[in-house]
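Below are the sequence and a predicted model for it; my questions follow.
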There are 2 protein chains.
Amino acid sequence: MEIKIMKNILDRNQNKAREVRDLLLFKRVLMVNFISSPGAGKTTLLERTCSKLGDVIRIGVIEGDITTDRDAQRLKKYNIPIVVINTEGGCHLDSHSISKVLDSFDLENLDVLFVENVGNLICPSQFDLGENFKVAMVSTPEGDDKPGKYPMLFREAKAVLLNKTDLIPYTDFNIGNFRSDLKNINAKIPVFEISCTAGDGLREWYRWIYDQIAASGKIH
Amino acid sequence: MEIKIMKNILDRNQNKAREVRDLLLFKRVLMVNFISSPGAGKTTLLERTCSKLGDVIRIGVIEGDITTDRDAQRLKKYNIPIVVINTEGGCHLDSHSISKVLDSFDLENLDVLFVENVGNLICPSQFDLGENFKVAMVSTPEGDDKPGKYPMLFREAKAVLLNKTDLIPYTDFNIGNFRSDLKNINAKIPVFEISCTAGDGLREWYRWIYDQIAASGKIH
């Protein structure tokens, strides 16, 4: 019975996601859904990306949080449109909540919408928001076994960001184990090894995300 | 409508949790539900605890994992009864899955059941498994803002384990911020500052958990 209920919820979510996707395609706005465990570094990545690309690309952000607006506060200094969705305890964003806030953005004058999902490696990967693609983030202190233990997200995502590479010397993280686990799940997915605090490896990420946005339409 | 469905699911879970709790009380087995983000260090804590207390306390473990039995493999060398519950994508354990596996344990000859929940800071805190109490674990690389951003677990738990204190010098983790956030949510909760890999601060944890188990009955 719970399986049937879950199927209904997912079906309704999927229908609304389709509407969101059609609208954004029409407006030529790319939507990217960032998913990770709590504290893997999503907000710091968005800070870096807004700081680097904010002058060449028109960025909007949707911040998914359970109860606070702390992440949005950190992004305010970049002068970009930001909307916070508080899930009030909910463990993921869904397409209905995204659909409701799209009106708050001037979509004609936006190239990309970055969605920072609730910090959770499981549930958000099951809910299509109408995004063009998901980006999975995982940080080295979480351990090299995360793709094997939480495969759904890594199967779904279009890119993986391996963050906090500056902490590898102080942990038992083994990059070979990580990459071999990932290969079994999603052989061709690009992996960006980065440290958002130290600034390592970000150039390749900026270039990749820029290319994705450019391909979606409005940038010439 | 979804709220009503969720209420039904939680009510059914609560009823079964009550049965589990009554059975364990009758058998005088303490059940402890460990909850954290993925990769915060729950399995390493259980390894340490089994290694230190396994000779004086009869320990059983229930390992909740989405799809693998890797954590259970790591605990095998301690010669304790272990049962794996694979949730097949599910984001938390529930009392029905716990109830089903209790038969696999010789409860007469057990003092404590440690339950390692699925790595998730949100959903597991909403599902009573029939445990005596929850222990929240958070690791320093996740950031000092976790209690404020994910308050439910920290409100519910009986103790907090702050793990990976050996990484504080390499991150911007601020222990004052962490403790002040926590104080607003759960003023009197004990906090153990530990590093499971370096072995720091564990003596207080061993003593505290031993006292909890002793108070529950069978140890003299």
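Okay, I see it. Numbering: from 1, shown residues only, chains lettered A, B, ... in the order given.

If you count residues, where's the longest helix of chain A?
In chain A, with assignment by DSSP state H, the single longest helix is helix A:2-26.

List the contacts of it.
Applying CB atoms under 8 Å, 6 or more residues apart in numbering or on different chains, the external contacts of helix A:2-26 come out as A:30-31, A:94-96, A:98-99, A:102, A:107, A:113, A:126-132, B:2, B:5, B:9. No exception for glycine: its C-beta is placed from N, CA and C like everyone else's.

Could you do stretch A:172-188 as well?
Stretch A:172-188 is contacted by residues A:140-141, A:143-148, A:151, A:154-155, A:157, A:160, A:162, A:167-168, A:189, A:191, A:193, B:197 when judged by CB under 8 Å, 6+ apart.

which among those residues end up buried?
Buried members of the contacts of stretch A:172-188, scored by 16 or more other CB atoms under 10 Å in any protein chain shown, are A:140-141, A:143-148, A:151, A:154, A:157, A:160, A:162, A:167-168, A:189, A:191, A:193, B:197.

from what I can see A:P38 touches B:G148, true?
No - the criterion here is CB atoms under 8 Å, and A:P38 misses it with B:G148 at 11.4 Å.

Please identify the buried residues of stretch A:75-84?
A:75, A:80, A:82-84.

Spell out which parts of chain A neighbour chain B.
Residues of chain A that fall close to chain B, judged by CB under 8 Å from any CB of the partner chain: A:2, A:5, A:9, A:37-40, A:65-68, A:70, A:89, A:91, A:118-123, A:126, A:139, A:141-143, A:145-146, A:148-152, A:164, A:166-167, A:170-172, A:197.

ok, the nearest residue to A:S36 once chain neighbours are set aside - contacts?
Spatial nearest neighbour of A:S36, excluding adjacent residues (CB to CB, 6 or more residues apart in numbering or on different chains): A:M137 at 3.7 Å. With contact taken as CB under 8 Å, 6+ apart, A:M137 is in contact with A:34-36, A:40-42, A:45, A:160-161, A:163.

Now for those, which sits with the most neighbours around it?
Compared across these, A:A40 has the highest neighbour count, 32 neighbours, by other CB atoms under 10 Å in any protein chain shown.

Show me which pair in the buried residues of stretch A:75-84 is furthest apart.
Within the buried residues of stretch A:75-84, A:I80 and A:V84 form the most distant pair, 13.2 Å apart (CB to CB).

wait, doesn't A:E116 sit right on A:V61?
Yes - in this structure A:E116 lies within contact range of A:V61 using CB under 8 Å: 6.9 Å.

between these two, who's got more neighbours?
More crowded of A:E116 and A:V61, by other CB under 10 Å: A:E116, with 27 against 24.

how far is stretch A:15-26 from where the chain is centred?
Counting by CA atoms, centre = their mean, to the nearest Å, stretch A:15-26 is centred 18 Å from the centre of its parent chain.

just stretch A:53-73 next, same as before
Relative to its parent chain, stretch A:53-73 has a centroid offset of 11 Å by CA atoms, centre = their mean.

what distance separates the start and the end of it?
Length of stretch A:53-73, first residue to last, CA to CA, to the nearest Å: 19 Å.

just stretch A:127-134 next, same as before
Termini of stretch A:127-134 sit 11 Å apart (CA to CA).

Rounded mean pLDDT for that stretch, please.
Stretch A:127-134 comes out with an average pLDDT of 98.

Would you mind listing the outside residues contacting that stretch?
By CB under 8 Å, 6+ apart, the residues outside stretch A:127-134 that reach it are A:10, A:13-14, A:16-21, A:23-24, A:30-35, A:92-95, A:98-99, A:115, A:125, A:153, A:156-159, A:212, A:216.

which parts of it are buried?
Result for stretch A:127-134 [16+ other CB under 10 Å]: buried residues A:127-132, A:134.

Among the residues you listed, name the ones in strands.
Of the positions in the buried residues of stretch A:127-134, A:K134 sit in strands, assigned by DSSP state E.

Which two of the buried residues of stretch A:127-134 have the greatest separation?
Across those, no pair lies farther apart than A:F127 and A:N132, at 15.1 Å, counting by CB to CB.

Show the pLDDT at the residue nearest to A:I122 when sequence neighbours are not counted.
By the measure of CB to CB, 6+ apart, the closest residue to A:I122 outside its immediate chain neighbours is B:C91, 4.1 Å from it. For B:C91, the model assigns a pLDDT of 94.

Surely B:C91 is within a helix?
No - assigned with DSSP: H, G, I helix; E, B strand; the rest coil, B:C91 falls outside any helix and is coil.

tell me, how many neighbours does it end up with?
The local packing of B:C91 (other CB under 10 Å) involves 24 other residues.

Going along the chain, name the strands of chain A.
In chain A, the strands defined using DSSP E lie at A:30-35, A:59-65, A:82-86, A:112-116, A:133-139, A:159-163, A:191-193.

Low-confidence stretches in chain A?
Under the criterion pLDDT under 70, the flagged ranges of chain A are A:1-2, A:219-220.

Swap in 80 and give it another go.
A:1-6, A:217-220 (pLDDT under 80).

Great, nothing more from me.
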